[in-house]
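> fold the following.
(2 chains)
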Amino acid sequence: MKIATFNINGVKARFETLITWLREDAPDVAILQEIKSVDEAFPRDEIEALGYQLETHGQKSFNGVALLSKLPLEDITRGLPGDEGDEQARYIEATVMGKTALRICGLYLPNGNPAPGPKYDYKLAWMERLHSRAEELLALEEPFLMAGDYNVIPQDEDAAKPESWHEDALALPQSRAAFRRLLALGLTEAFRTQTHGGGHYSFWDYQAGAWQRNNGIRIDHFLLSPECADLMLKCEIQAEMRGREKPSDHVPVWLTLDL
DNA sequence: ATGACAATCAGAGATTGA
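Alright, predicted model coming up:
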């Protein structure tokens, strides 16, 4: 089973890119962030015509997440538990019904800039809520994964210019510590089980020729439960997508499971 | 220190992103 996470930076702006990618690379499951669309406006027809079940959790203008699957999705839930007043569409869960049921959590973690400030407080609180949800799912001892745009640069090696991020919400010590607290629960960061060292990025800014200079950061991640990690075959970044026409500033990250 | 670039909503330029 091939699963991809992809921050598409607007489903309307990226629709042709998305359709071409789905047709050519054919993920069994796609976990999308920043759809920037309300559910009613999401262009469903062409995606469903490619054989996908589509579940969205959108809002106007900003944020928004979606799950696409060629296998049936069940028990869909929208929103991250823990704050009834949170109106930002950043989280969706569903169970992919394959040979073995797999719970998929798609997330778009808050950016948090400027830090310090209320946006950073929201980011850290959101990460604490994600930690609580991970604890609940881990107690079930079943395969699940949490994937998406974490907006966290885990280590200096995950940035081309780490010194330029040290005051940024993506790399501040509290952000990294909160990310490590997720790993300490027993979740596996899929990419780092197979690939070590620097030079591997999933985001390049549109500005200042960041792609051409390979000035990137790695902020899109797959975290796997132990039962899911047992099924992992490989995890790769599809960097070439950043060089295409009208690209997103993020590229897809792929996880292949023995399912 | 600032802006650079892109998307959105709206119909210009502010807001957001990372």
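> how about the residues of the stretch 151-259 of chain A that lie near DNA strand B?
When proximity is defined as C-beta under 7 Å from any atom of the strand, the stretch 151-259 of chain A approaches DNA strand B at A:Asn151, A:Leu170, A:Phe203, A:Asp205, A:Tyr206, A:Gln207, A:Ala208, A:Ile217, A:Ile219, A:Lys246, A:Asp249. No exception for glycine: its C-beta is placed from N, CA and C like everyone else's.
> quick check: the third one vs A:Asn9, distance?
If I follow you right, that is A:Phe203. Distance, A:Phe203 to A:Asn9, by C-beta to C-beta, to the nearest Å: 10 Å.
> who has more neighbours, these two?
The residue with more neighbours, out of A:Phe203 and A:Asn9, is A:Phe203; 22 against 18, by other C-beta atoms under 10 Å.
> look up how far A:Cys235 lies from that one.
As defined by C-beta to C-beta, A:Phe203 lies at a distance of 16 Å from A:Cys235.
> likewise A:Ile3?
Between A:Ile3 and A:Cys235 the distance is 10 Å, computed by C-beta to C-beta.
> repeat for A:Pro226
A:Pro226 sits 16 Å away from A:Cys235 when distances are taken as C-beta to C-beta.
> the two: who's more crowded?
Neighbour count, other C-beta under 10 Å: between A:Pro226 and A:Cys235, A:Cys235 has more, with 22 against 15.
> hmm, back to that, now for A:Ile3 and A:Cys235: what residues contact both?
Taking C-beta atoms under 8 Å, 6 or more residues apart in numbering as the contact criterion, the residues that touch both A:Ile3 and A:Cys235 are A:Phe222, A:Trp254, A:Leu255, A:Thr256.
> quick check: the third one is in a strand.
Pointing back at A:Leu255 there. Yes. Applying DSSP: H, G, I helix; E, B strand; the rest coil, one finds A:Leu255 inside a strand.
> so it makes contact with A:Pro27?
No. The criterion here is C-beta atoms under 8 Å, and A:Leu255 misses it with A:Pro27 at 9.6 Å.
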